[in-house]
Each structure stands twice: as structure tokens, then as C-alpha cells.
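Colleague: kindly return the folded structure for what I paste below:
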Amino acid sequence: MEQYLKPGLHISEKHIVKNEELATSLNTGDIPYVATPSLIILMEQVICNYIHKRIPAEYTSVSAEINIKHLMTVEEHKEITCSVHLKFAEEQKLFFDFAIFNEDEDIVAIGAHERIIVKKETYNPNSTT
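Modeller: Below you'll find the predicted structure:
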């Protein structure tokens, strides 16, 4: 997949926090701020939207590992920006760093994410490669 995705790639997308992304809506907390799982979903969507347009149609990517540190709250209707960097690639594995910022450019969350490029037809979720 080297010809499709090269280390150094940088993606940034803006997003408005919706009610269904709040901890109170997801039953993960009692205070109406964006939930950590919602930040993870946003980050994965940004990555997938980018890489799936750049790999052959018979391939996809699957999540392998996520590390996130959620540092600040964000209210409904506020804009956040998810910024992702492809740190390195190792065969079919892609290693990303990401940061999510609020409107004031404060860091809301930071982390790392690993995805693996797999052939849809032969993917075996029980395989370690």
C-alpha cells in the first residue's frame, strides 16, 4: 500500500458536536459534554474517509489499537477540529497520531491509532497479521 499512503500525510476536518455525541445521550456520563467514544468515532471517520478513497476497492482498513487522552470538555453545537498525521507505515499497518482541538485551538484530546489494510475477500478477524 506504500504507493497509496505515505508517512507524513496530514488530514484535518472540522466537526460540530451534536446532541447524540454527548455523554448524557450515550449514557456514559451525567454531564452534557462530548463523550470520549464520540471523539474516537470522529477520529476514525476522518482517517477512513481519507484512506479508503486512496486504496484499491478490494481493500479496506480495520482498527487495531487506539490510545486516547481526553483533556477538555466540549458542549453541544461547538466546533472541533480533528487533525490526523500518518506517522509511519509498516507493511499493511498504518500508525497515526491525532489531536482534536476546540474553537480556541485548545487541545481537547490527543492519541494514537493503528489501522491495518486488509483484503475484504480474505480478511480473517482471528488472524494476528
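Colleague: longest single helix anywhere in this structure?
Modeller: When the chain is parsed with DSSP state H, its longest helix is helix 36-51.
Colleague: now this structure, which segments are flagged as low pLDDT?
Modeller: Along the chain, segments meeting pLDDT under 70 span 1-4, 128-129.
Colleague: show me where it has helices.
Modeller: Counting by DSSP H, the helices of the chain are 23-26, 36-51.
Colleague: got TSV for the ones you listed, with mean neighbour count and distance to residue 97 too?
Modeller: For every residue, glycine as well, the C-beta is placed using N, CA and C. As requested, the helices of the chain are exported to TSV (neighbours: other C-beta atoms under 10 Å; distance: least, C-beta to C-beta, whole Å):
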stretch	mean neighbour count	distance to residue 97
helix 23-26	15	25
helix 36-51	18	10
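Colleague: that older thread, what does the longest helix of the chain contact?
Modeller: 4-5, 9, 11, 13, 15, 17, 21-22, 26, 28, 61, 63, 66, 68, 70, 80, 82, 84, 94, 96, 98, 100, 108-109, 111, 113, 115, 117 (C-beta atoms under 8 Å, 6 or more residues apart in numbering).
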